[in-house]
Structures are given as structure tokens and as C-alpha cells.
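Q: Test case, fold it:
(2 chains)
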Amino acid sequence: MSALLEVNHLSIELTTRDGVAPVIDDLSFDLNAGETLSFVGESGCGKSMTALALMGLLPENISRVSAGSITFAGETLNDASEDRLRQIRGNDISMIFQEPMTSLNPVFTIGEQIAEVLRTHQKLSRRAAWKQSVELLNAVRIPQPESRAADYPFQMSGGQRQRAMIAMALACEPKLLIADEPTTALDVTVQAQIFDLLKDLRRQTGTAIILITHDMGAVAEMAERMIVMYAGRKAEYGSVQQIIEKPRHPYTQGLIACVPHITADLSNERQDLLEVPGIVPSLKDFGKDQCLFASRCEHRSSRCTQQRPEEHQFSSDHSAECWHAVEYQE
Amino acid sequence: MTSLLDVQNLSVRFEVKRQSLFGKKSYLYAVDDISFQIERGKTLAIVGESGSGKTTAALACARLLDAHQGKITLDGENILAKQGEALRQIRSKVQFIFQDPYSSLNPRMRAEAIVAEPLNSLSHQTSKQKREVVDQLFDAVGLRPEQKRLFPHQFSGGQRQRIGIARALATKPELIICDEPVSALDVAVQAQILNLLRKLQREFNLTYLFISHDLGVVQHMSDNIAVMYMGKVVEYADRQSLFQTPSHPYTNALLSAVPGIDPGQRRQRVLLPGDPPDPVNLPAGCRFASRCPIAVDQCFTDQPELKARQSGDHLIACHLQ
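A: The predicted structure is shown next:
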């Protein structure tokens, strides 16, 4: 069986004032139905650009797919017509955005916004679409869905708005759901509710999920496989379990170690957190033939600044792009 | 032992828009009868979800909001009674580090001017002295001297937060209120700022009131922790006993909601059903009762008091503990 989504050697160029920068640089991955793949990294690493490329929503005029292909359910998306993309978006592939307040339309009720998706893609009547949207709100556990469907976004709490966004994204039972930092703006208890909801829905509908996040805890909770992105490139790829047990790329190690995790055994001596010094390089350094993480890496050698690292396979389901990933691990 | 900051029975209320012109005034108690203390050189963290009153309590401690009731003592002085010049003196003793380093720096001022601004209004130093102070501050927070002349947009998020920290340190304050200082930053940068805050605390014996919703960060940073829910402190303990024996059902729910990376250590999830109650028409009993997995009848009628239920200093507001 071929994968639901196959991305091969995808590169995306972004035109900036300083010239053309490859914001996605030779990215390949695939995703099967019912599976969750997570993209992890700091802001500016190309996570959201990947998502926009999959949706065919790259900002016009300033960005384009310069190489590679995106194949979804056997169809090549990157040269599909705008009309065809409109059919796919919201129907086969849909997206949940980070900020539920700004991504809902403030002048339409929640029910109308969900019904619009159903009327456009499934050609339902007004009445049937409304009925269906009330059922969807019920499915995402919004209390009294009949009356809440007539509410405007501002009348709902942050968690309810995000649940309404999920209801809208799931209206046409998409094969692929892209969740771009779906819980970053929410409280932890609400975040837990949203994760449970997404897991239930995945079980019931077999939707594949791409989860974009910077929270390793969320990855461990939700995803089977993960890709660590750094400066537009894939730094590390593999099963979540293997990577968390034994991260190979120094950037992944930094990402895991720099977050204070809750532990039950406490001592009074608190160590400083491990720092990843510095920040993500600026766009004009993207695409250079060297390891882009080298400036922040304690293991760097002259080779790292002269040649882009090749992908090294550690197992069938674990690889990293680092010249030194093998040696210093031992 | 005397505390640097001592807050007793603090309440802060906001007037809610009346239903009609002659309708009754109603109030939202964002902070309702809470007490806490911080010793010099220590960190108290206030944890809770949005809307629990964490920031309101902190703003009242800095006299940026008026308290409705209660008493706030800083270094032996009742700061709620201060007016005019005396109040201005207090302002130099309590400084804020804000959540969002993008909106809390004036985009039209250079970094050095931003850091020097508290000195201009709260101290009487010559410009040469001020320049020296700014140089020292830049060094202390890890910024390079040549960056003094830059504008905020020329800095990254982490560097901007360093400017915000330097500004908070400028008047040599007694108390620094850190309101979600890292939640707007990238994960890798969060560690840099948290380490910096702890380094500065050790160097200058700083006292932090640390507001956060991230329990991992709180565990790393604090000595004592107050858990707030709907304007009330529901659990108050030192770091060890709070994380080793969390006792209030809300604290347990908060802890269990944090996704951990270690699959073996994952806690049994306590899912909170529903949403918090309407803050204007609060229920008569425990405010958490409607979402509490173990609530009994008494919880819906009597409000639990915050008191020690186990060993000495571990305070819990729950009938069932």
C-alpha cells in the first residue's frame, strides 16, 4: 500500500529583501492513514511553511515550490490547478490554526461557519448543513450545541473556540488534518481536553494528523513519528520513542534537555538548564553548504562549516543529518 | 522570620457593567481574600489557568491596580497607604518583567534609553552615573555594549526579554514581579532566560514573584508555590511538598494535564469536565466543585478555608483533605 502523503525532495524558496532563501531545503517524508507525524523546532525553522505548502497556501508572489513534489492520495498537489486545490482544501486536507480567535470570522456565527464548509464541499442544503454542524459541535463536546451554534466566536472561551475550529476542520471527514500549534494559546487543562479529543477522533475516523509544535511533551503524547526541523532542513527523523530515548542530533538533544520537566523526586540542588546558545540563523544563511546548526553546536568541527551533513541512518526508522551523530554518541 | 513581601487578605474587584441604568452594581472579584508571603532572596510562584487572578494579584502588589481590601507590606511598610512621592519611592522598589517582549518595549527608543528610563524618573543620578549603571546592566544580562544603540526591532525575542530584565533591575528593586517571563519565547531561548533569572537572583539576592502557567518552569524556578483558581488560593506549599504530595484536586488535575516526555512516568490523567463557573455569579460553595472529580454535597454549600491539613506549612482549601 502506498502512503497517504508522500513528500519528495521538497524545496521552497522565499524571496526577501536580501535575495532568495530556501526556507524548505530538500525535505522528504511520508505519512500513512491514521498515523500522526509531528514537526518540532523553533520558530523560523520551516514547520508552518511545510504545512502551508501541503495546503497549497504558500504566500503568492514571494514564495514558490522550487523543486520536489507533494503527492497526496496518488495525486500530485504542487502542480494541481487552483480549482482542484479548492476542492481538496477543507474536504480532504484541513487545518487547525494556532490562534482560534483570529482564524474564525467574527461576524458569522460558529454554526454558519461550519455549515459553509459542508455546503461548499458536500453540497448540503442550508438546513441539513446546520443540523450537521450542531452534531459536529456535539462531537467536539461543546455543551448545548443547539444554542451554542448560534453564538459568535467572541461569546466562546478560548478552548471552546479551538474545539469549534476542530469541528470545522473535521466537517468533511478529511483524510489529513494539519494542526499548527493547536494548543499553544490554551491552558494546560484545556490542552489535555483537546489532545484527548483529537485522539478520539483519529480512532473513529482514521484521519492522519500532522502536528506542528515546539512541545516535546505534546509530541510524546500524540505522535508516532517525528521530524525535527532546523533552518528549513530535516535535522532528525524517526519514531518518537527512539528519538526521545536516544536523540542523535545535538539540536534534538538540546530541545529535550532545555525544558524543565516535572519530576516527582526533587533535590534542593537545582542544576541550571542545558542551554542551546544563540538563535536560529537568519534567512540569508539558509541553504549554505554547511551544517546550519554549527554556530550553536558544541561538537562542531571544521567539516561542519564546510559541507552540508548527509543523512545518516541509525535504524530503519531513525536518521539524523549530522557529521558527528555517530561518533560522540559512543 | 520576617518576609520581604507580606500580603494579607487581599481582594481586588472590578465593577461589571450594569444590566440597566438603575440596576444593582455587581462586582467581579478577580482576587478574593488571598494571603501569601515571600522571604528575601526567594521565589514565590503563582500558578493557575488564565482568569485565575494571578496577574491581578501581582498588579495589586505593584500598586498598579487598587486593592479593594487587605494589606500589603513590603519591607515593613504598608504600601497600600502610600500616596504621592512616597508611592513613587515604592515604584522603584517593585519592578515588573512582562510576558511579551515585543509589546513591552517602546519601538522608538534605543535599547540604552529603555534601560535608563526607570532611572530618569525614579532616581537622582547624573547622566554619567546613569550611563555607568546601564553599562553594568547590559553586562549583567548578557548583552554586548555595542548593542546599546540599537532599536528593539533589531533584537531577537530572547534579547528583547534581556532588555526587559535589565530595565527591571535598573532601580535596584527589592521585589521583581515576573509575569510569564518566558511563555512568549522559543523553547531553546526559554532556558537561556530562566538560567539568567536564576543567575541574577544568586548575584543580587533578588526576590521574585513568579507568575506562570507552566508547571515545569515553576518547579524549576520557585521555592514556594501558590496555586490559584477563580481568585482563590487553593493550595500553598513549598516546592518539595507541593510536587511530592499535591493534595488539592485542582493541583492534581493541573499536574496530570502536563504532557510528559517519559512514557513510563505519565500520570493517570484527571480530566476536568466543563468550564470554570461565571466569575460574576460565583457559586456559594467551593469554586472548583462543579468540575471536581471527588466533590461531595458539602462542597456545593460551604466554602472551604485555606488551612494546614497535613504537615505544618502545606495549606489546602478542600473539605476532603
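
Q: For chain A, give the helix that spans the most residues.
A: helix A:188-205 (DSSP state H).

Q: Poorly predicted segments of the stretch 201-330 of chain A, please.
A: In the predicted model, the stretch 201-330 of chain A carries pLDDT under 70 at residues A:264-269, A:327-330.

Q: in the longest helix of chain A, what counts as buried?
A: By 16 or more other C-beta atoms under 10 Å in any protein chain shown, the buried positions in helix A:188-205 come out as A:188-195, A:197-198, A:201-202. (Each C-beta comes from the backbone N, C-alpha and C, glycine too.)

Q: filter the residues you listed down to the ones near chain B?
A: A:188-193, A:195 (C-beta under 8 Å from any C-beta of the partner chain).

Q: Could you pull up the residues touching the residue nearest to the spatial centre of chain A?
A: Nearest to the mean C-alpha position of chain A, counting by C-alpha atoms, centre = their mean, stands A:Ile212 at 2.3 Å. Contacts for A:Ile212 (C-beta atoms under 8 Å, 6 or more residues apart in numbering or on different chains) come out as A:38-39, A:47-48, A:50-51, A:178-181.

Q: and it, which of the three is it?
A: Under DSSP: H, G, I helix; E, B strand; the rest coil, the three-state class of A:Ile212 is strand.

Q: and the gap between it and A:Val240?
A: 14 Å (C-beta to C-beta, to the nearest Å).

Q: cool, A:Met229 as well?
A: 15 Å.

Q: Could you count how many residues lie near residue 288?
A: By default, I'm working from chain A. By the measure other C-beta atoms under 10 Å in any protein chain shown, the count of residues near A:Lys288 is 15.

Q: should've been chain B
A: So B:Phe288, with other C-beta under 10 Å, has 24 neighbours.

Q: now swap in A:Glu310 and tell me
A: 9.

Q: Can you pull the phi/psi pair for it?
A: phi -90, psi 160 (degrees, to the nearest 10).

Q: Next, count neighbours for the nearest residue to it once chain neighbours are set aside.
A: Nearest non-adjacent residue to A:Glu310, counting by C-beta to C-beta, 6 or more residues apart in numbering or on different chains: A:Glu321, 6.9 Å away. Neighbour count for A:Glu321, taken as other C-beta under 10 Å: 24.

Q: Might you report the residue contacts of A:Glu321?
A: Contacts of A:Glu321 (C-beta under 8 Å, 6+ apart): A:233-236, A:249, A:291, A:308-312.

Q: Please identify the residues of the stretch 201-330 of chain A in proximity to chain B?
A: So far as C-beta under 8 Å from any C-beta goes, the stretch 201-330 of chain A lies against chain B at A:214-221, A:241, A:244, A:254-256, A:258-264, A:266, A:268, A:270, A:272-277, A:279-280.

Q: Buried subset of these, written for PyMOL?
A: Remark: buried members of those, expressed as a PyMOL selection using 16+ other C-beta under 10 Å:
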select buried, chain A and resi 214+215+216+217+218+219+220+221+244+254+255+256+258+259+260+261+262+273+275+276+279+280
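
Q: starting at the chain centroid, how far to the strand or helix carrying A:His121?
A: Here A:His121, judged by DSSP states H and E, is contained in helix A:110-122. When C-alpha coordinates are averaged (C-alpha atoms, centre = their mean, to the nearest Å), helix A:110-122 and its chain have centres 24 Å apart.

Q: Now the helix or strand following that helix: buried residues?
A: Later in the chain than helix A:110-122, the nearest helix or strand by DSSP H and E is helix A:126-139. Applying a neighbour-count criterion of 16+ other C-beta under 10 Å, one finds A:129-134, A:136-139 buried in helix A:126-139.

Q: Using CSV, write out every CA atom in stretch A:145-157.
A: Extracted C-alpha coordinates of stretch A:145-157, given in CSV (Å, rounded to 0.1, in the frame of the first residue of the first chain):
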residue,chain,number,x,y,z
PRO,A,145,-24.7,22.6,20.8
GLU,A,146,-28.1,23.6,19.5
SER,A,147,-27.9,27.0,21.2
ARG,A,148,-24.1,27.4,21.1
ALA,A,149,-24.1,27.0,17.2
ALA,A,150,-25.9,30.4,17.1
ASP,A,151,-23.1,32.0,19.1
TYR,A,152,-20.5,34.3,17.6
PRO,A,153,-16.8,33.5,18.2
PHE,A,154,-16.4,36.2,20.9
GLN,A,155,-19.1,34.5,23.0
MET,A,156,-17.0,31.4,23.5
SER,A,157,-13.9,30.7,25.6
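
Q: where's that stretch relative to the chain centroid, distance-wise?
A: 27 Å.

Q: again, but for stretch B:239-248
A: Computed by C-alpha atoms, centre = their mean, the chain-centroid distance of stretch B:239-248 equals 19 Å.

Q: for the residue lying closest to A:Pro106 once chain neighbours are set aside, what are its contacts?
A: Residue nearest to A:Pro106 in three dimensions, not counting chain neighbours: A:Pro153, with 5.6 Å by C-beta to C-beta, 6+ apart. Contact analysis of A:Pro153 by C-beta under 8 Å, 6+ apart lists A:100-101, A:104-106, A:110, A:161, A:164.

Q: give me phi/psi at A:Pro153?
A: phi -50, psi -40.

Q: how much space between it and B:Leu64?
A: Applying C-beta to C-beta to A:Pro153 and B:Leu64 gives a distance of 30 Å.

Q: Tell me where chain A has helices.
A: A:47-55, A:82-88, A:100-103, A:110-122, A:126-139, A:145-148, A:158-170, A:188-205, A:216-222, A:240-245, A:250-257.

Q: again with chain B
A: Along chain B, counting by DSSP H, helices occupy B:54-61, B:84-93, B:111-122, B:127-140, B:157-169, B:187-204, B:215-221, B:239-244, B:249-257, B:297-301.

Q: Any chance of JSON lines for the ones you listed, columns distance to chain A?
A: Formatted as JSON lines, the helices of chain B follow (distance: least, C-beta to the nearest C-beta, whole Å):
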{"stretch": "helix B:54-61", "distance to chain A": "12"}
{"stretch": "helix B:84-93", "distance to chain A": "27"}
{"stretch": "helix B:111-122", "distance to chain A": "17"}
{"stretch": "helix B:127-140", "distance to chain A": "16"}
{"stretch": "helix B:157-169", "distance to chain A": "7"}
{"stretch": "helix B:187-204", "distance to chain A": "4"}
{"stretch": "helix B:215-221", "distance to chain A": "4"}
{"stretch": "helix B:239-244", "distance to chain A": "5"}
{"stretch": "helix B:249-257", "distance to chain A": "4"}
{"stretch": "helix B:297-301", "distance to chain A": "19"}
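
Q: And for B:Glu77, nearest residue in space, chain neighbours not counted?
A: B:Ile90 (7.6 Å).

Q: pretty sure the one you found contacts B:Ile72?
A: No. Counting by C-beta atoms under 8 Å, B:Ile72 is not a contact partner of B:Ile90; they are 9.9 Å apart.

Q: Between those two, which contacts overlap?
A: In contact with both B:Ile90 and B:Ile72: B:Ile79, using C-beta under 8 Å, 6+ apart.

Q: returning to what we had before: what's the angle between the helix holding A:His121 and helix A:158-170?
A: 20 degrees (axes from the mean of the first three to the mean of the last three C-alpha atoms, to 10 degrees).
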